[in-house]
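Enquirer: Below are the sequence and a predicted model for it; my questions follow.
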Amino acid sequence: MTACDPLQPFAQMPIEREFHMIRIFPFVFFLSLSGHLLADETDMTFMVNTPDDFSPPTAESEFDHDLLKSVDTVGWHNIHVAAENGKSGFSFSVGHFHKMDHPEVLVIGLPVEVSQQLLNIAAVKIAGGNEKLEPYMEYSDFTEGLSIAFVPVDISHYTEYLGYASWYYGSMPRPFPTIQMVWPDRSGLFPWDEGYDARYLAIQPVLGPSNGGTD
């Protein structure tokens with residue numbers, strides 16, 4: 001991408017640098033979606049509510065223990081996966097669906113401090129305000145001077161992007177829902193808007209329908 005800095009709109013965003021829920025690691029531990037996450041490989045219907053008998057998995061590492069403790073005591077846990085081999089870094093939540101019956105939230109291609117700040121703002125809305133973040137609706141109250149929007153994440157991307165969340169929800173009979181937080185190009189346009197600068201898709205691939213849900 002030449003002659004433009006895709007992250008420039010976030011340069012003035014106030015950042016809180018204390019994140020007790022962040023863990024950074026360069027790889028994704030994942031559970032195969034062809035295993036017990038799906039009861040039927042032909043049934044791709046997402047869960048709507050957390051089953052009454054749902055139990056989180058047993059911790060097998062210190063990271064697992066920290067994640068489980070954060071979800072239990074705070075209500076969610078944010079994970080960041082570092083950029084590697086030309087692939088953008090990304091961050092996602094674990095716990096919103098369990099605690100609030102709200103889709104988990106994923107954001108791709110932003111610096112870790114910014115992505116974690118945005119996920120924490122989303123968490124305040126979800127857990128603190130009991131707000132439902134809606135796909136394709138523009139939100140202007142996440143950061144001053146910049147709107148963001150959300151796209152439902154397709155199940156085909158779960159193994160690559162949501163490994164630890166898949167581990168956490170592995171005992172559910174169907175997949176948990178996730179929405180991707182999508183940020184705009186320099187003109188404030190989203191991937192489903194006419195005139196969107198498609199070069200941004202190399203930094204921020206969109207993991208669901210990118211035309212307002214009519215794909």
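Expert: Received it, and whenever you're ready, just let me know what you need. Since the model is a prediction, treat every value here as computed from it, not as a measurement. Numbers count the residues shown, from 1 in each chain.
Enquirer: From now on I want contacts and neighbour counts done on CA atoms only, so please keep to that.
Expert: OK.
Enquirer: SS state for residue 105?
Expert: strand (DSSP: H, G, I helix; E, B strand; the rest coil).
Enquirer: Residue 180 is in contact with that one, correct?
Expert: Yes. Under the criterion of Cα atoms under 8 Å, residue 105 makes contact with residue 180 at 5.8 Å.
Enquirer: Looking at those two now, which is surrounded by more residues?
Expert: residue 105 (28 against 24; other Cα atoms under 10 Å).
Enquirer: what is that one paired to in the beta sheet?
Expert: On the basis of DSSP bridges, residue 105 is bridged to residue 179.
Enquirer: Find the nearest non-adjacent residue to the most centrally placed residue in the chain, please.
Expert: In the chain, the centroid-proximal residue (Cα atoms, centre = their mean) is residue 106; its distance is 1.1 Å. With sequence-adjacent residues excluded and distances taken as Cα to Cα, 6 or more residues apart in numbering, residue 106 is closest to residue 92, at 4.2 Å.
Enquirer: How far off centre is the helix or strand hosting that neighbour?
Expert: Element membership for residue 92 (DSSP states H and E) is strand 90-94. Centroid separation for strand 90-94 versus its chain: 4 Å, with Cα atoms, centre = their mean, to the nearest Å.
Enquirer: pLDDT (mean, whole number) over that strand?
Expert: Mean per-residue pLDDT for strand 90-94: 97.
Enquirer: Direction included, what does it pair against?
Expert: Sheet pairing for strand 90-94, using DSSP bridges, gives strand 77-81 (antiparallel), strand 104-108 (antiparallel).
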